[in-house]
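In: Starting from these lines, generate the structure:
(one chain, ligands or ions: 2)
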Amino acid sequence: MSETSELLEIKHLTKSFGTTSVLEDINLTVRKGEAVVLVGPSGCGKSTLLRCIGALEDIQGGEIIIDGERIVKGGKNPKVGMVFQSYDLFPHLNVLDNITLAPRKVLKRDKAQVKEEARELLRRVGLADKEKSLPRELSGGQKQRVAIVRALIMQPEIMLFDEVTAALDPEMVREVLEVILDLAKQGRTMMIVTHEMQFARAVADRVIMIDGGRIIEENTPGRFFTEPQTERARQFLNTFTYESVKK
Ligand code: ADP
Ligand code: MG
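Out: Ligands and ions are numbered 1, 2, ... in the order given. Down below sits the predicted model:
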């Protein structure tokens, strides 16, 4: 990848809800093929930032540019794929129909071709045998993998993951994170909000820490997790470790 292949550019972004400022002067760039992990305490603005990038929120200042195009709330935005903690699958549609609905209705793509692609992606995430299942017949980890496939089939330029394993049991966390690691290996451009710090370290090209609506540190994973530049990041990382209380 060339150094200049910037896919996402955020310049001086400010976002508020009413009179409450939530994001202040956010500046960041994501290059094609990069996986950027966003960390920070609850309420610092991570989800809001992803929602702004996904055109789900209006913004009060600055701009968000993806592939040369300015993002506008409510605009058609197939370049961004989003996966949230809640899977939001249609309960009455089977897995295959859940996945193929949007490409057929929104992108007007050929049904047979989309089905074939969906099957290939399902195979890739280990769900080849589940295409006829209804969401209620799947585990949380399986549903989340379907949600990832549903986003991928829209052929987004960038994938945004917002705490996608926060509601899952440990083994299911693993199976979902493996899928995201696989996407990183394939060179997918991604922004990932997660509290799984070992995963963050493994998947990230870059770690960005947000606190109080501002970027307070941007670092390589190697350095962020071993020698963070800021005291705030050090404190934050300490919340993930425990010291023995037994003699
Ligand atoms: P994080 O994902 O880092 O936990 P959020 O982006 O969800 O943080 O929230 C950042 C701040 O914005 C919080 O103070 C939250 O209460 C506030 N907030 C988020 N969404 C809304 C909303 N729709 N209306 C008002 N305040 C909101
Ligand atoms: Mg959040």
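
In: Which helix runs longest in the chain?
Out: helix 170-185 (DSSP state H).

In: Any buried residues in that one, and which?
Out: Of all the residues in helix 170-185, those buried under the rule 16 or more other Cβ atoms under 10 Å are 172-173, 175-177, 179-180, 183-184. The way it works is simple: take the backbone N, C-alpha and C, and place the C-beta from them, glycine included.

In: How far does it sit from its chain's centre?
Out: Relative to the mean C-alpha coordinate of its chain, helix 170-185 is positioned 12 Å out (Cα atoms, centre = their mean, to the nearest Å).

In: what is the rounded mean pLDDT of it?
Out: Helix 170-185 comes out with an average pLDDT of 96.

In: Surely residue 159 forms part of a strand?
Out: Yes: with DSSP: H, G, I helix; E, B strand; the rest coil as the criterion, residue 159 is part of a strand.

In: Quickly list what it is bridged to.
Out: Beta-bridge partners for residue 159, by DSSP bridges, are residue 81, residue 190.

In: Assess the claim that it and residue 79 are in contact.
Out: No: with contact defined as Cβ atoms under 8 Å, residue 159 does not count as touching residue 79 (10.4 Å).

In: Just to check, residue 101 is in contact with residue 93?
Out: Yes: counting by Cβ under 8 Å, residue 93 is a contact partner of residue 101 at 6.9 Å.

In: how about the helices of the chain, start to end?
Out: Counting by DSSP H, the helices of the chain are 46-53, 95-105, 111-124, 140-152, 170-185, 197-203, 221-226, 231-238.

In: Let me see the residues that make contact with the second one.
Out: Translated: helix 95-105. For helix 95-105, contacts defined as Cβ atoms under 8 Å, 6 or more residues apart in numbering pick out 89-90, 93, 109, 111, 114-115, 117-119, 121-122, 127, 130-135, 138, 146, 149-150, 153-154.

In: For ChimeraX, write a command that selects the buried ones of those residues.
Out: Selection command for ChimeraX covering only the buried members of the contacts of helix 95-105, criterion 16+ other Cβ under 10 Å:
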select :89,109,114,115,117,118,119,121,122,127,130,131,133,134,135,138,146,149,150,153,154
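
In: For ligand 1, tell me which of the contacts of helix 95-105 show up nearby.
Out: The subset of the contacts of helix 95-105 within reach of ligand 1, counting by Cβ under 6 Å from any ligand atom, is empty.

In: The worst-scoring helix or strand of the chain on mean pLDDT packs against which elements?
Out: Among the secondary structure pieces of the chain, namely its helices and strands, strand 69-70 has the lowest mean (mean pLDDT, DSSP states H and E), a mean of 92. The helices and strands touching strand 69-70, judged by 3 or more Cβ pairs under 8 Å, 6 or more residues apart in numbering; DSSP states H and E, number zero.
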